[in-house]
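Trainee: curious how this folds, go ahead:
(one chain, ligands or ions: 1)
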Amino acid sequence: MIRLRGVSKAFGAVRALDGLDLDVREGEFFCLLGPSGAGKTTTLKTVAGLEVPDAGTVELDGKDQRGVEPYDRGVAMCFESYALYPHKSVYDNLAFPLRSPRHRLPASRARERIGEVAELLGIAGLLDRSVGQLSNGQRQRVALGRVLVRPARAFLLDEPLSHLDAKLRQQMRAELKAIGSVRRTTTLYVTHDSVEALALGDRIGVIRDGRIVQTGTREEIWYRPHDTEVARAFGRPRINLLPGTVTPGGGFRSADGAVELDLGARAAPGTDVLVGARPRDLALGEGPGHTLTGTVYVTEVLGRSVEVTVRLGAQHVALVVPRGEAAGLRPDDPVRLSVRPENLLLFEADRPERPGRRIGP
Ligand SMILES: Nc1ncnc2c1ncn2[C@@H]1O[C@H](COP(=O)(O)OP(=O)(O)OP(=O)(O)O)[C@@H](O)[C@H]1O
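Mentor: Now for the predicted structure:
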């Protein structure tokens, strides 16, 4: 269990962490997602004891870690920039942590652990090669393996798949959670890739400007995003956000009057808002729920589905539909779109100082 409370850390004038609270439960695989510079690595280093916070507390398994040296914290960390022994074999690099007095295992147990981790990371065929002869992607997997072989109170992983090509990355994502030690060990996994976070995280914490903006399961983050920026971070193509205002009856009217929706909005009439709908939640043609009328702007084939961009007055919205449904659509064709009321999200308008928060339960 990892618990951070009110953790702040500045580097000169840069506030890397700003009162960060975080709870990773025992045995959980927790993904910390955020853009570059949000404070992800600093969070990991603070847990590992490699950075000392200016304020706040770090607890591991309920024990305050103030004054506890990194080595004594019992966590295993894998950095994006990894240090391996280039002249030693892959096997020796993996075995090295198991030879330290703290983690010493009988040789047969060590071989078993290394074998399982190497198999699942796809490096079992490389065990006799020297690390100096490996590609970057192979080295990254060895570095990850070296963390995962050793018994630890928690694994701290910083973008461990970043150097792999897309296919291998996808494959590794599936394998990673199958590794026995990962299943058993509390893991804090840093990424800036929302697809990775959704695929891996038992829960996800979204970090921005040194604070956690939202923590939740993938469903909570997807269906109940805290604000427009969280909504924009998940899903490709991105969520559609139409600007407008709340009407006296609690409805929505787009800024140019082209879209009107009866929302039952819990906001004062006249409030500037954004209505959000994800591209896969919009359908072509009339259906149950709300209907919108517009014209086709452009279509783009994405494998078996098609992204259709539709002009609604001055706005464009994107939807993703099966290829068959979009066959024959031409620019400027009139179209109707439907969306279920439960798939519409309502946000305050974005402001210069902060993204618009979601309105509603
Ligand atoms: N040792 C340091 N000295 C000075 N500034 C630092 C140091 N470490 C981090 N920072 C700054 O603190 C902020 C947060 O950095 P951090 O590395 O935690 O972000 P991150 O979310 O991990 O980003 P990335 O995804 O790019 O690795 C950044 O503005 C960074 O430049």
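Trainee: wait, what's in contact with Arg203?
Mentor: Contacts for Arg203 (Cβ atoms under 8 Å, 6 or more residues apart in numbering) come out as 25, 28, 30-31, 215-217. (C-beta placed from N, C-alpha, C; glycine too.)
Trainee: the same query, at a cut-off of 6 Å, please.
Mentor: 30, 217 (Cβ atoms under 6 Å, 6 or more residues apart in numbering).
Trainee: ok, the one 3 residues further on next?
Mentor: Residues in contact with Val206, defined by Cβ under 6 Å, 6+ apart, are 33, 213-214, 230.
Trainee: list just the nearest of these to the ligand.
Mentor: Leu33 (9.7 Å; Cβ to the nearest ligand atom).
Trainee: before we move on, back to that, will you turn the contacts of Val206 into JSON lines that also has neighbour count?
Mentor: Below are those laid out as JSON lines (neighbours: other Cβ atoms under 10 Å):
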{"residue": "Leu33", "neighbour count": "27"}
{"residue": "Val213", "neighbour count": "20"}
{"residue": "Gln214", "neighbour count": "19"}
{"residue": "Val230", "neighbour count": "24"}
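Trainee: now intersect those residues with the helices, please.
Mentor: Among the contacts of Val206, the members found in helices (DSSP state H) are Val230.
Trainee: all the helices of the protein, in order from the start?
Mentor: 40-48, 90-99, 107-120, 136-148, 166-176, 180-184, 194-200, 218-223, 228-233, 323-326.
Trainee: for the ligand, which of those helices is the nearest?
Mentor: When these are compared (using Cβ to the nearest ligand atom), the closest one is helix 40-48, at 3.3 Å.
Trainee: where among the helices of the chain is the average confidence lowest?
Mentor: Of all these, mean pLDDT reaches its minimum on helix 180-184 (a mean of 83).
Trainee: for that helix, list the C-alpha coordinates in CSV.
Mentor: Coordinates of each C-alpha in helix 180-184 appear next as CSV, following Å, rounded to 0.1, in the frame of the first residue of the first chain:
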residue,chain,number,x,y,z
GLY,A,180,3.1,-13.8,-11.2
SER,A,181,5.1,-11.2,-9.3
VAL,A,182,3.1,-8.3,-10.9
ARG,A,183,-0.2,-10.0,-10.0
ARG,A,184,1.0,-10.2,-6.4
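Trainee: buried set for it?
Mentor: Going by neighbour count (16 or more other Cβ atoms under 10 Å), the buried part of helix 180-184 is 181-182.
Trainee: stretch 321-340 too?
Mentor: For stretch 321-340, by 16+ other Cβ under 10 Å, it's 321, 326, 329, 335, 337-339.
Trainee: so which of the helices of the chain is nearest Tyr297?
Mentor: Closest to Tyr297 of the helices of the chain, according to Cβ to Cβ: helix 323-326, at 12.8 Å.
Trainee: determine the set of other helices and strands touching the closest one.
Mentor: strand 305-312 (3 or more Cβ pairs under 6 Å, 6 or more residues apart in numbering; DSSP states H and E).
Trainee: what is the mean pLDDT for the strand it packs on?
Mentor: Mean predicted lDDT for strand 305-312 stands at 96.
Trainee: and for stretch 260-274?
Mentor: 91.
Trainee: show the end-to-end separation of it, please.
Mentor: The first and last residues of stretch 260-274 sit 13 Å apart, counting by Cα to Cα, to the nearest Å.
Trainee: can you pull the buried residues of it?
Mentor: 261, 263, 265, 267, 273-274.
Trainee: same thing with stretch 182-198?
Mentor: Under the neighbour-count rule (16+ other Cβ under 10 Å), stretch 182-198 has 182, 185-194, 196-198 buried.
Trainee: starting at the chain centroid, how far to stretch 232-248?
Mentor: In terms of Cα atoms, centre = their mean, to the nearest Å, the centre of stretch 232-248 is found 20 Å from the chain centre.
Trainee: contacts for it next, please.
Mentor: Counting by Cβ under 6 Å, 6+ apart, residues outside stretch 232-248 touching it are 194, 222, 231, 252-255, 265, 267, 269-279, 307, 315, 317-318.
Trainee: could you redo the last one with a cut-off of 7 Å?
Mentor: 194, 198, 206, 221-222, 228, 231, 252-255, 259, 265, 267-279, 307, 315, 317-318, 320, 349 (Cβ atoms under 7 Å, 6 or more residues apart in numbering).
Trainee: C-alpha coordinates for it, CSV please?
Mentor: Taking Å, rounded to 0.1, in the frame of the first residue of the first chain, the C-alpha atoms of stretch 232-248 are listed here in CSV:
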residue,chain,number,x,y,z
ARG,A,232,-10.1,15.0,-24.0
ALA,A,233,-7.2,12.8,-22.7
PHE,A,234,-9.2,9.5,-23.2
GLY,A,235,-10.5,8.2,-26.5
ARG,A,236,-9.4,8.7,-30.2
PRO,A,237,-10.9,10.4,-32.1
ARG,A,238,-11.3,12.8,-29.3
ILE,A,239,-14.6,13.6,-27.6
ASN,A,240,-16.7,16.2,-29.4
LEU,A,241,-17.3,19.3,-27.3
LEU,A,242,-19.9,21.8,-28.5
PRO,A,243,-20.0,25.3,-27.0
GLY,A,244,-23.3,26.9,-26.1
THR,A,245,-25.5,28.0,-23.2
VAL,A,246,-28.1,26.6,-20.9
THR,A,247,-31.6,27.7,-21.9
PRO,A,248,-34.3,28.7,-19.4
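Trainee: near the ligand, which residues of the stretch 1-150 of the chain show up?
Mentor: 11, 14, 16, 34, 36-42 (Cβ under 6 Å from any ligand atom).
Trainee: give me the buried subset of those residues.
Mentor: Judged by 16+ other Cβ under 10 Å, buried ones among those: 16, 34, 38-42.
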